[in-house]
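Engineer: Build the 3D model from these lines:
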Amino acid sequence: MRVGIVGVGLIGGSLGLALRRFGGADAVVGVVPTPEEGQQAQKLGAVDAWSVTPEILAGCELVVLATPVEVILPALERALPHLDPEATVTDVGSIKATICREAQRLLAPTGQPFVGGHPMAGSEKGGVEEADPYLFQHAVYVLCPPADHPRRAEGVARVRQLVAAVGAEAVELDPEEHDGLVAAVSHLPHLVAAALVLSLENRPSPWTDRLAAGGFRDTTRIASGNPRLWREILLGNRAAVLEQVASFRRALARLAQALEQTDGEGLEGLLAVAARRRAQVTANARGLLAPHPEVIVRVPDQVGAIHRVTGILADAGINLADIEILRVREGEGGSLRLALESEADRDRACRLLEAAGYWARSR
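Structural biologist: The predicted structure is shown next:
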């Protein structure tokens, strides 16, 4: 396919890099706000060609709207006169109901299908400089196709081709269902992370920052996200987010009540329920994809420690599906979570690492 990407930032740039590197498109062209951004995107390999105007989209079989959410619909309106009549249009916005409804209305006169999309991958950082061709590997990529459209199957097939090419797995959801789910697992967590950081205003001590250890750092990492981008996401999904805020308040109130009443048994019970539910969620660390067999391995705090662990597996021909640093203690070391492609690979990796002197356990 010839693929057009409108907005070549973190997500759009990562799509372009993946498509060009892994052969998912014959050509990738980009629409960018400024010549400087276009030159940077082409220099980094995210696009074959670029333009600050949408005429470059002519002849594209698939057009991806990868702008911030508040710009997706205006970008589609500007692109409309230049779209090929046979083109399929999709987006990467993290809210879907409004975008899908309005995009389908805009495309109705041309008969082109709009397939809403949301890759469940990203970073708190933005810009094409942060783009990564492996960003979507093993990630869930939600599709929200039109319920009733004569070219629905054609549109879904094209977007699924894109999803497969970048290494993700497509899951089809209703737009309203999608918005409710992401409000719970993505949008509310951002608000909570921001609230945790703001709560430090009640602790104006020079020791606060030094005592904020791994738990606080990990829990609040996403609060570093672009404030303007998140403002639009949260306002765009306002009703669903407020519903989840109410649910969170009720859960926090139950915990607070147990503390107020010095109810140790009740508090422990609530924490146990939370721990079990957390285990269910993280058993599938990539959301809706099938979980991978895992190995937890402890590594020393030394230069090249991670490289040595992965090198042992690479020399044995064992491929990693994912890797995560779980804990870090300066001067001591930390733990890695290694996700393998099969149980056989997991068991062999465990034996190899233990034979090399590492503490390693499968799960």
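
Engineer: Now for the chain: which helix has the highest residue count?
Structural biologist: Ranked by residue count under DSSP state H, the longest helix found in the chain is helix 238-260.

Engineer: Next secondary structure after that helix?
Structural biologist: With elements assigned by DSSP states H and E, the helix or strand that comes after helix 238-260 is helix 264-282.

Engineer: Kindly calculate the angle that that next one makes with helix 238-260.
Structural biologist: Per axes from the mean of the first three to the mean of the last three CA atoms, to 10 degrees, the angle that helix 264-282 makes with helix 238-260 is 140 degrees.

Engineer: per-residue confidence averaged over the helix or strand following helix 264-282?
Structural biologist: Per DSSP H and E, helix 264-282 leads on to strand 294-300 as the next helix or strand towards the C-terminus. Here strand 294-300 scores 89 as its mean pLDDT.

Engineer: gap between Thr90 and Ala18?
Structural biologist: 15 Å (CB to CB, to the nearest Å). (C-beta placed from N, C-alpha, C; glycine too.)

Engineer: One more: Cys350?
Structural biologist: 31 Å.

Engineer: which one of these two has more residues nearby?
Structural biologist: More neighbours surround Ala18 than the other of Cys350 and Ala18, with 26 against 22 (other CB atoms under 10 Å).

Engineer: For that one, give me its contacts.
Structural biologist: Residues near Ala18 by CB atoms under 8 Å, 6 or more residues apart in numbering: 24, 133-136, 165-167.

Engineer: run the last query once more with 10 Å
Structural biologist: By CB atoms under 10 Å, 6 or more residues apart in numbering, the contact set of Ala18 is 24-25, 28, 46, 131-137, 162, 165-168.

Engineer: so which of the residues you listed would you say is closest to Leu338?
Structural biologist: Among those, Gln137 lies closest to Leu338 (CB to CB), at 14.8 Å.

Engineer: what pLDDT does Leu229 get?
Structural biologist: What the model reports for Leu229 is a pLDDT of 88.

Engineer: tell me, how many neighbours does the closest residue to it other than its chain neighbours end up with?
Structural biologist: Take Leu229 and drop its neighbours on the chain: the residue closest to it by CB to CB, 6 or more residues apart in numbering is Pro68, 5.5 Å away. Residues lying near Pro68 (other CB under 10 Å) number 17.

Engineer: Surely Gly30 forms part of a strand?
Structural biologist: Yes: the assignment for Gly30 (DSSP: H, G, I helix; E, B strand; the rest coil) places it in a strand.

Engineer: which residues touch it?
Structural biologist: Contacts of Gly30 (CB under 10 Å, 6+ apart): 3-8, 12-13, 15-16, 37-38, 41-42, 46-52, 56-57, 64, 66, 128.

Engineer: mind listing which of the residues you listed are in strands?
Structural biologist: With strands identified by DSSP state E, the entries of the contacts of Gly30 that belong to them are 3-6, 49-51, 64.

Engineer: Buried ones from the residues you listed, can you make that a ChimeraX selection?
Structural biologist: In ChimeraX, a selection of the buried entries from those looks like this (16 or more other CB atoms under 10 Å):
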select :3,4,5,6,50,51,64
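
Engineer: And the helices in the stretch 51-200 of the chain, which stretches?
Structural biologist: Counting by DSSP state H, counting those that start in this stretch, one finds helices in the stretch 51-200 of the chain at the ranges 69-79, 97-107, 152-165, 175-182, 188-198.

Engineer: still on that earlier bit, was I right to think the residue nearest to Leu229 contacts Gly126?
Structural biologist: Yes: if you go by CB atoms under 10 Å, Pro68 and Gly126 touch, sitting 9.2 Å apart.

Engineer: mind checking pLDDT for the residue nearest to Leu229?
Structural biologist: On the pLDDT scale, Pro68 is placed at 93.

Engineer: which stretches of this structure have low pLDDT?
Structural biologist: Low-confidence segments of the chain (pLDDT under 70): 124, 213-214, 282-291, 326-333.

Engineer: contacting residues for the spatially most central residue of it?
Structural biologist: Central residue of the chain (CA atoms, centre = their mean): Ala121, 1.5 Å from the mean position. Residues near Ala121 by CB under 10 Å, 6+ apart: 10-11, 14, 92, 132, 134-141, 166-168, 286-287.

Engineer: 6 Å instead, please
Structural biologist: By CB atoms under 6 Å, 6 or more residues apart in numbering, the contact set of Ala121 is 135-136, 139.

Engineer: mind giving me the domain split of the chain?
Structural biologist: 2-173, 177-260, 294-362 (automatic domain parsing).
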